[in-house]
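Asks: task: produce atomic coordinates for the following.
(2 chains)
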Protein chains: 2
Amino acid sequence: MAKDQRQVESITNMDVDFTQWYTDVCTKAELIDYTSVKGMFIYRPYGYAIWENIQRELDRRFKETGHENVYLPVLIPESLLQKEKDHVEGFAPECAWITMGGNEQLEDRLCVRPTSETLFCEHYKNIIHSWRDLPKLYNQWCSVLRWEKTSRPFLRHREFLWQEGHTMHAEADEAREETQQMLNIYADFLENVLAMPVVKGQKTEKEKFNGAEETYTVECMMHDHKALQAGTSHFFGDGFARAFDITFTGKDNQLHHPFQTSWGVSTRMIGGIIMTHGDDNGLVLPPRIAPIQAVIIPVAQHKPGVLEAAGALVDRLTAAGIRVKMDDSDKAPGWKFAEYEMKGVPLRIEIGPKDMEKEQCVVARRDNGEKSFVALSELETAVARLLDEVHDALYAKAARNLAEHTYAAATLEEAKAVQEQKGGFVKTMWCGSETCEIAMKEQAGMTSRCIPFAQEHLGDVCPVCGKPAVKMVYWGVAY
Amino acid sequence: MAKDQRQVESITNMDVDFTQWYTDVCTKAELIDYTSVKGMFIYRPYGYAIWENIQRELDRRFKETGHENVYLPVLIPESLLQKEKDHVEGFAPECAWITMGGNEQLEDRLCVRPTSETLFCEHYKNIIHSWRDLPKLYNQWCSVLRWEKTSRPFLRHREFLWQEGHTMHAEADEAREETQQMLNIYADFLENVLAMPVVKGQKTEKEKFNGAEETYTVECMMHDHKALQAGTSHFFGDGFARAFDITFTGKDNQLHHPFQTSWGVSTRMIGGIIMTHGDDNGLVLPPRIAPIQAVIIPVAQHKPGVLEAAGALVDRLTAAGIRVKMDDSDKAPGWKFAEYEMKGVPLRIEIGPKDMEKEQCVVARRDNGEKSFVALSELETAVARLLDEVHDALYAKAARNLAEHTYAAATLEEAKAVQEQKGGFVKTMWCGSETCEIAMKEQAGMTSRCIPFAQEHLGDVCPVCGKPAVKMVYWGVAY
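Replies: Residues are numbered from 1 along each chain as shown, chains lettered A, B, ... in the order given. Next up, the predicted model:
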């Protein structure tokens, strides 16, 4: 493939310095810009368009399962945040505090929402009175603030975009089913849209969400074998409902507390896409989320009929529901090739005078560089098929990475050695105690990623304390 | 029409107390809820769904005219806000200030964005270098904060949802054309989607946006004859570009400052919809923005085949692209009728055993209560036609209200008398001086709404000072 050397030179090789490679991709693919507000980023048009596609796909799934969107205030009074003890302990240290409104000093400080459980509870108290008012299945698209000490594009922002679902149910079982339904929607979306295989499981007590009874998670493995928590779903029991005094009259004419869930994914998914599929030429986007699925490059575009022929491809593919863009700028073809490789566009379609004569075009795949000739008569079906093939190939590659870098270990020493030498997920049995979890962190540098739903029997004892094991756990180094 | 008396009783009559009627509609139609954060509201599912429809319609128009969406931080450092003098003077008194992040006291206070010109300028300075980088046509969907002393649902929130377009151009003329293009998109949207006739014009120097050279506006008249500024579009010249030192190398190889625009509409449009079309039975939604365009009420739904027949209507109308909902709950039909009237659903479709025999259904219009029988064989075309008729009728009624309550006045006394006795827009000639504008405010209680593009010659002198007139101005009492 022809390449513009300047463009390619400017990216660090991913095996030399994965962190720098990641930052290079975020900026060179024009996903993000830095700002004078420390830890806060600008989502540039190309990065935001990926998020818009994520939103559209997820929002459709949320609505199909009966959820409604709402918008609650960006500010939360400190007094409200304090109503649930575990919750405030977890979030207060990361809050940004408003102490002045206009010229007026505020008596009750307001924080910019780090998450909205407390505001949802206040609202639910107003609108839930009878079993007829349940379930409430609400979702909110917004940004949240966490006053983190360090930051990285998409992975750790002081402000990031997300969705937070908050639901209320008459029965605990129904709420538990909701947490599983939403976890399954996330898993399905990650695998079938983002081409990212997941490990589904439950978080340990230590790693669960502040205030939750149970937290479920989908964990992904990145190219460098580190873990990314891609989405979580929480069962709250009736803890918040009790703290906020939310009650409803049941069919039995008695007062009850409703049962609550919350669940969310964020723009860190975009970081996951980059680190799962990217390569040394830049971003590689899964076709189903790519803002541009195919870029059309006219070759020898000054020659008669070339631009018209390229324009006809745009019209036909657009009509077939494919997101397509033509670049007929005066840049050199090699420069264009490198630019759209950097931006991870799944397919590049070239058409020039020779192709026109043969009634064909050339289609190059971003993921593996393969070029093929496509007869113009078969354009739409061939492009749709190639997009599916790219998706399948990306998924297969990521699944192989996950499978090949998941190791069993029988002792703490073995776990530590595997992590140090190979990275990846280490699976071990576990006695269930937080002490052993802390030991794994301190001695092997790994946190528990989850207690996977797909349990295996790797032995009878905890590798840390030697006591009887109750579960198998995945450990890893996480973003 | 059958009505549930309790439901209808609970709304104040609009001619008795328009303010209370408005608040009643906002809460009883379940558009909004109050919160413990003063001046901040919850957009409930039905209210938010209206905003989602507004977003979808406008976003399509923005993208068709080449605009791209971005997302910039919610926080702005005080030092950045201060770079443009007029801008900070206008906004600083309404800012909410963050002074603590986590446990750390901030040296440079951060305000929650009241508008994002300054952040866009900082970003544009990073990414604009050459004439090839222009124009930049960006838009952002987000919320903004204004620390207002009083608040009303949709009309005046301390936090509200909006879109803010921010564009940069190589030439002043091109930027001016952009402000007109966007004003025309707003006007077209208001008239053809929201059924709200507009007066297009330019704001006076006194009323223009802080930091702008020129502000253009679309002004609407509400049922009570007060004005609502529904959208604005600003030409900044190169003032911000100079303050932020943004330059580009032109085709002439010289450094130039680019020219800037911004433009926005907000959820106050929903307040406008309510106050333009509503009546004593509640909300009346223009069909093209209604979350539910037709509600289907099965009559005698326990009888064989009724629910199936109603379900078939849902399927057929959904397939025809109409937003439809069936209410087969166990509530009484009269209660359902009142509920969907309150919620302003444009059409109610009833079907029962007698209708099934005659292969027809009954369609009732929300705007005028008219009922008609529709043959099932003509369902889709009849419903689509009726929705258009409702739109046209709502627009015609609002246009009549605007025409009938716009008065010419030749003297300040006359202007004052008209406003006191009849309300509405008062049009007069004007000398162009701010002194006379202030006199009109102080003595007749009216602010200038705009210098309309459609100028009329009503006389030769300013009604306040008697000096030669330069323009005709619309005056009014505004929300």
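
Asks: can we go C-alpha only for contacts and neighbour counts from here?
Replies: Will do.

Asks: now the helices for the stretch 151-300 of chain A?
Replies: For the stretch 151-300 of chain A, the helices defined by DSSP state H, counting those that start in this stretch occupy A:172-192, A:239-243, A:268-277.

Asks: helices or strands up against the first one?
Replies: Read it as helix A:172-192. In terms of contacts (3 or more Cα pairs under 8 Å, 6 or more residues apart in numbering or on different chains; DSSP states H and E), helix A:172-192 is packed against strand A:159-169, strand A:214-221, strand A:227-237, strand A:259-266.

Asks: of those strands, which is nearest residue B:71?
Replies: Taking Cα to Cα, strand A:159-169 is the member of these nearest to residue B:71, at 9.0 Å.

Asks: now do the helices in the stretch 301-450 of chain A.
Replies: Using DSSP H, counting those that start in this stretch, helices in the stretch 301-450 of chain A cover A:306-319, A:333-342, A:353-357, A:379-404, A:412-422, A:434-444.

Asks: just the pLDDT at the residue in the stretch 301-450 of chain A positioned nearest to chain B, thanks.
Replies: Ranked by Cα to the nearest Cα, the top residue of the stretch 301-450 of chain A for proximity to chain B is residue A:329, at 10.7 Å. We have a pLDDT of 94 for residue A:329.

Asks: over to residue A:452?
Replies: If you check residue A:452, the pLDDT there is 98.

Asks: which residues touch the closest residue in space to it that isn't next to it in sequence?
Replies: Nearest residue to residue A:452, sequence neighbours excluded (Cα to Cα, 6 or more residues apart in numbering or on different chains): residue A:201, at 3.8 Å. Shown in contact with residue A:201 (Cα atoms under 8 Å, 6 or more residues apart in numbering or on different chains): A:216-218, A:450-454.

Asks: Serialize the helices of the stretch 151-300 of chain A to JSON lines and add fields for mean pLDDT and mean neighbour count.
Replies: Formatted as JSON lines, the helices of the stretch 151-300 of chain A follow (pLDDT from 0 to 100; neighbours: other Cα atoms under 10 Å in any protein chain shown):
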{"stretch": "helix A:172-192", "mean pLDDT": "98", "mean neighbour count": "19"}
{"stretch": "helix A:239-243", "mean pLDDT": "95", "mean neighbour count": "19"}
{"stretch": "helix A:268-277", "mean pLDDT": "98", "mean neighbour count": "23"}
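
Asks: what's the closest of the helices and strands packed on helix A:172-192 to chain B?
Replies: strand A:159-169 (7.1 Å).

Asks: which residues touch that closest one?
Replies: Counting by Cα under 8 Å, 6+ apart, A:39-41, A:115-117, A:120, A:134-146, A:154, A:175, A:258-267, B:73-74 sit against strand A:159-169.

Asks: may I have the strands that pair with that strand, each with its orientation?
Replies: According to DSSP bridges, strand A:159-169 forms sheet pairs with strand A:136-145 (antiparallel), strand A:259-266 (antiparallel).

Asks: tell me which of these is the most buried.
Replies: Across the strands paired with strand A:159-169, averaging neighbours per residue (mean count of other Cα atoms under 10 Å in any protein chain shown) puts strand A:259-266 on top, at a mean of 24.

Asks: for chain A, list the residues in contact with chain B, please.
Replies: A:33, A:35-37, A:40-45, A:48-49, A:68-77, A:92-103, A:122-123, A:147, A:159 (Cα under 8 Å from any Cα of the partner chain).

Asks: restricted to helices, list those residues.
Replies: Among the residues of chain A next to chain B, DSSP state H puts A:45, A:48-49, A:122-123 in helices.

Asks: for the residues you listed, which one is nearest residue A:397?
Replies: Among those, residue A:49 lies closest to residue A:397 (Cα to Cα), at 24.9 Å.

Asks: pretty sure the closest one contacts residue A:291?
Replies: Yes: Residue A:49 sits in contact with residue A:291 when judged by Cα atoms under 8 Å, with a separation of 5.9 Å.

Asks: distance check, residue A:205 against residue B:338.
Replies: Remark: distance between residue A:205 and residue B:338 (Cα to Cα, to the nearest Å) = 50 Å.

Asks: neighbour-wise, which of the two wins?
Replies: With neighbours defined as other Cα atoms under 10 Å in any protein chain shown, residue A:205 and residue B:338 compare such that residue B:338 has more, 21 against 15.

Asks: gap between the more buried one and chain A?
Replies: According to Cα to the nearest Cα, to the nearest Å, residue B:338 and chain A sit 19 Å apart.

Asks: residue A:241: what's it in contact with?
Replies: Residues near residue A:241 by Cα under 8 Å, 6+ apart: A:121, A:247, A:257-260.

Asks: roughly how far does it sit from chain B?
Replies: Residue A:241 is 17 Å from chain B, by Cα to the nearest Cα.

Asks: domain assignment for chain A?
Replies: Split into domains by automatic domain parsing, chain A comes to A:5-277, A:294-401, A:406-476.

Asks: and the residue lying closest to residue A:152 once chain neighbours are set aside, how many neighbours does it have?
Replies: Once flanking residues are discounted, residue A:152 sits nearest to residue A:39: 7.6 Å by Cα to Cα, 6+ apart. A count of nearby residues for residue A:39, using other Cα under 10 Å, gives 20.

Asks: so what's residue A:87 scoring on pLDDT?
Replies: pLDDT, residue A:87: 79.

Asks: correction: the previous question concerned residue A:112.
Replies: For residue A:112, the predicted pLDDT is 97.

Asks: what sits against the residue nearest to it when sequence neighbours are not counted?
Replies: Closest residue in space to residue A:112, ignoring its immediate chain neighbours: residue A:75 at 4.7 Å, by Cα to Cα, 6+ apart. Listed by Cα under 8 Å, 6+ apart, the contact partners of residue A:75 are A:110-113, B:37.

Asks: cool, thanks, talk later.
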